[in-house]
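Engineer: just to be clear, the model below is a prediction. Sequence and coordinates:
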There are 2 protein chains.
Amino acid sequence: MGVLAFRFSFTHMDAFDHLRNKVNELSLMSEGEWDDFSSRWTQKTLKKGEFIIKPGKIERYFYFVHSGVMRAFVLINGVEVSVGFSYDGDFSGAYDSFLDQKPSDWNIQTISEVEILRIGFKDLMDMFDRYKSLERWGRIFNAQALIGMGRRQVEVRSFSAEERFDRLFNQSPHIFQLVPQKYLASYLGMTPETFSRMRKQRMGKD
Amino acid sequence: MGVLAFRFSFTHMDAFDHLRNKVNELSLMSEGEWDDFSSRWTQKTLKKGEFIIKPGKIERYFYFVHSGVMRAFVLINGVEVSVGFSYDGDFSGAYDSFLDQKPSDWNIQTISEVEILRIGFKDLMDMFDRYKSLERWGRIFNAQALIGMGRRQVEVRSFSAEERFDRLFNQSPHIFQLVPQKYLASYLGMTPETFSRMRKQRMGKD
DNA sequence: GTTCTTTCTTGATCTAGATCAACTTTTAGT
DNA sequence: ACTAAAAGTTGATCTAGATCAAGAAAGAAC
């Protein structure tokens, strides 16, 4: 029982340490700020296939992914378009809905079991009001996300299906293990059939 | 000559008022903050066709477009991909290069004569350090840009060339007047030929 | 393990939109 | 106003990748 308690406490702290490291990458918080800030987050474990947001709902939380993978997608004319994935160490959520607390167009669904931390809208806004260090973190976090999305836009628009496949494979081979390929296909803007054929060409077996 | 002086002063103040209105939309600055902040910007007029940034250069400024139109594009395998346009009231610049002061991949070029205000990197960072109201403005500005880019990504990925054409035409008919159609074609992810054919279909003459 | 469902594969066809080419209109420079 | 260059048009062809279809493999549920 001592062991169990230790384990629980260990995994718990681990997620929070993980969060703290990620926050500190962009803006340093004082010990006191961190204590207050971290107390606003709660930890949850989600089963594979759970949705954290569906269209029409308002996003109440901002998420930090401690472990596992989630995917974000929108449904257009009955077709799912995968827009991105969140891995351990990423922040996630239906950002537009969260920020103005209006209904979302997005789906975010777990692809595996996922351990997350989450913070409610009011708590986070409260933190932004209170701490300049956090306001700065928010600014830089958004800026980086923006830059990343700009790159991705160029990626999608400038390269052929074949080039997109290769570039993803070279840059992030690990996600071929983590994400079912029909989602990768959609993310890359091609059909599962095309994806499968390209995959076959590069690696005979694997 | 009195008239000329008045005119000059009027247009000058106008750009700064314009900027102030835009900043205040997202975060209110005090009179004193604004005085300091606005003193860091300088006004310039750019001729049609001028570049404010080219690949390999470091973006030293953040821009506010008071009047006119600019376009942002990247060159991939010798092909220009138009990523977006900035109109009056928009902020602009090669953001990734600006933020970490590393060389840019982007081109930003004026499409018409453009009146801008611009602020240097160090000045802007200084302002972020000094004023929480501005840090907040930066956070929210980035968030909105991010959300807009997310929408655009879905747009490009989910709709056919025809649908993209119609959606742009319905949502922003004015830009058909402002932007040469080869740039619009590129922005919409189609060739000028395809754009021309679609245009012909909808409007006989015009 | 056995069955049921979902994902992936492979082949055959089809099509939106690209490419190529020649011409017309518009814009810019002197 | 005149000329050269750039932008836009129109038609004929071509192709990357979609769609359709049917079978194989892999996961999930009992």
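Structural biologist: Structure received.

Engineer: pretty sure A:E113 contacts A:K44?
Structural biologist: No - contact between A:E113 and A:K44 fails when scored by Cβ atoms under 8 Å: they sit 11.2 Å apart. (Each C-beta comes from the backbone N, C-alpha and C, glycine too.)

Engineer: for A:M127, which non-adjacent residue is closest in space?
Structural biologist: Computed as Cβ to Cβ, 6 or more residues apart in numbering or on different chains, the closest residue to A:M127 that is not its neighbour in sequence is A:L134, at 5.1 Å.

Engineer: for DNA strand C, see how far away that neighbour is.
Structural biologist: Noted for A:L134: a distance of 39 Å to DNA strand C, by Cβ to the nearest atom of the strand, to the nearest Å.

Engineer: who are the contact partners of that residue?
Structural biologist: Under the criterion of Cβ atoms under 8 Å, 6 or more residues apart in numbering or on different chains, the neighbours of A:L134 are A:S27, A:M29, A:E33, A:F37, A:M127, A:F128.

Engineer: and the pLDDT for A:D100?
Structural biologist: According to the prediction, A:D100 has pLDDT 88.

Engineer: residues from chain A in reach of DNA strand D?
Structural biologist: Along chain A, the residues adjacent to DNA strand D under the rule Cβ under 7 Å from any atom of the strand are A:K48, A:S160, A:A161, A:E162, A:G189, A:M190, A:T191, A:E193, A:T194.

Engineer: from the residues you listed, which would you call buried?
Structural biologist: When neighbours are counted using 16 or more other Cβ atoms under 10 Å in any protein chain shown, the residues of chain A next to DNA strand D contain these buried positions: A:A161, A:G189, A:M190.

Engineer: make TSV from the residues you listed and add distance to B:F176, secondary structure and pLDDT to it.
Structural biologist: Written out in TSV, the entries for those read as follows (distance: Cβ to Cβ, whole Å; DSSP: H, G, I helix; E, B strand; the rest coil; pLDDT from 0 to 100):
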residue	distance to B:F176	secondary structure	pLDDT
A:A161	30	helix	97
A:G189	26	coil	96
A:M190	31	coil	97
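
Engineer: switch these over to TSV; also include distance to A:R202.
Structural biologist: Shown next, in TSV, are these (distance: Cβ to Cβ, whole Å):
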residue	distance to A:R202
A:A161	13
A:G189	18
A:M190	14
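
Engineer: where in chain A is pLDDT low?
Structural biologist: Applying pLDDT under 70 to the predicted model, the residue ranges of chain A that meet it are A:1-13, A:204-206.

Engineer: list the contacts for the most centrally placed residue in chain A?
Structural biologist: Per Cα atoms, centre = their mean, the C-alpha nearest to the average position across chain A is that of A:S86, at 2.7 Å. Contacts of A:S86 were listed using Cβ under 8 Å, 6+ apart, and they are A:Y63, A:V65, A:V69, A:M70, A:R71, A:A72, A:S92, A:I108.

Engineer: apart from its neighbours in sequence, what residue is nearest it?
Structural biologist: In space, not counting the residues next to it along the chain, A:S86 is nearest to A:S92; the distance is 4.0 Å by Cβ to Cβ, 6+ apart.

Engineer: ramachandran angles for the one you found?
Structural biologist: Listed backbone geometry of A:S92 is phi -150, psi 170, with angles given as degrees, to the nearest 10.

Engineer: contacting residues for it?
Structural biologist: With contacts defined as Cβ under 8 Å, 6+ apart, the neighbours of A:S92 are A:I52, A:Y63, A:F64, A:V65, A:M70, A:A72, A:S86, A:I108, A:I116.

Engineer: just those residues now: which is nearest B:E155?
Structural biologist: Of all these, the one with the least separation from B:E155 (Cβ to Cβ) is A:A72, at 15.5 Å.

Engineer: give me the distance between that closest one and B:P192.
Structural biologist: Applying Cβ to Cβ, to the nearest Å, one obtains 33 Å for the distance of A:A72 from B:P192.

Engineer: quick one: which of these two has more around it?
Structural biologist: Relative neighbour count places A:A72 above the other of A:A72 and B:P192, with 22 against 14, counting by other Cβ atoms under 10 Å in any protein chain shown.

Engineer: so the more buried one touches A:I108, yeah?
Structural biologist: Yes - taking contacts as Cβ under 8 Å, A:A72 lies within contact range of A:I108: 4.9 Å.

Engineer: and for these two, which residues touch both?
Structural biologist: Overlap between the contact sets of A:A72 and A:I108, as judged by Cβ under 8 Å, 6+ apart, is given by A:S86, A:S92, A:A94.

Engineer: what about the helices in chain A?
Structural biologist: A:2-26, A:31-39, A:95-100, A:121-130, A:132-158, A:161-171, A:175-178, A:181-188, A:192-202 (DSSP state H).

Engineer: do you know which of those helices lies nearest B:S172?
Structural biologist: Distances from B:S172 to each of these were compared using Cβ to Cβ; the minimum, 17.9 Å, belongs to helix A:132-158.

Engineer: any idea how far the closest one is from the chain center?
Structural biologist: 13 Å (Cα atoms, centre = their mean, to the nearest Å).

Engineer: just the buried positions in that helix, please.
Structural biologist: Taking 16+ other Cβ under 10 Å as the criterion, helix A:132-158 shows A:132-147, A:149-150, A:153-158 as buried.

Engineer: cool, and stretch A:68-81?
Structural biologist: Buried residues in stretch A:68-81 (16+ other Cβ under 10 Å): A:G68, A:V69, A:M70, A:R71, A:A72, A:F73, A:V74, A:E80, A:V81.

Engineer: could you redo the residues you listed as TSV and give each row distance to chain B?
Structural biologist: Listed next are these as TSV, based on distance: Cβ to the nearest Cβ, whole Å:
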residue	distance to chain B
A:G68	22
A:V69	19
A:M70	16
A:R71	14
A:A72	9
A:F73	10
A:V74	5
A:E80	10
A:V81	5
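
Engineer: ok, so of those residues, who is nearest DNA strand C?
Structural biologist: The shortest distance between DNA strand C and any of the buried residues of stretch A:68-81, using Cβ to the nearest atom of the strand, involves A:E80 and amounts to 10.3 Å.

Engineer: which residue is the nearest non-sequential neighbour of that closest one?
Structural biologist: In this structure, A:E80 finds its nearest non-sequential neighbour in A:F73, 4.9 Å apart by Cβ to Cβ, 6+ apart.
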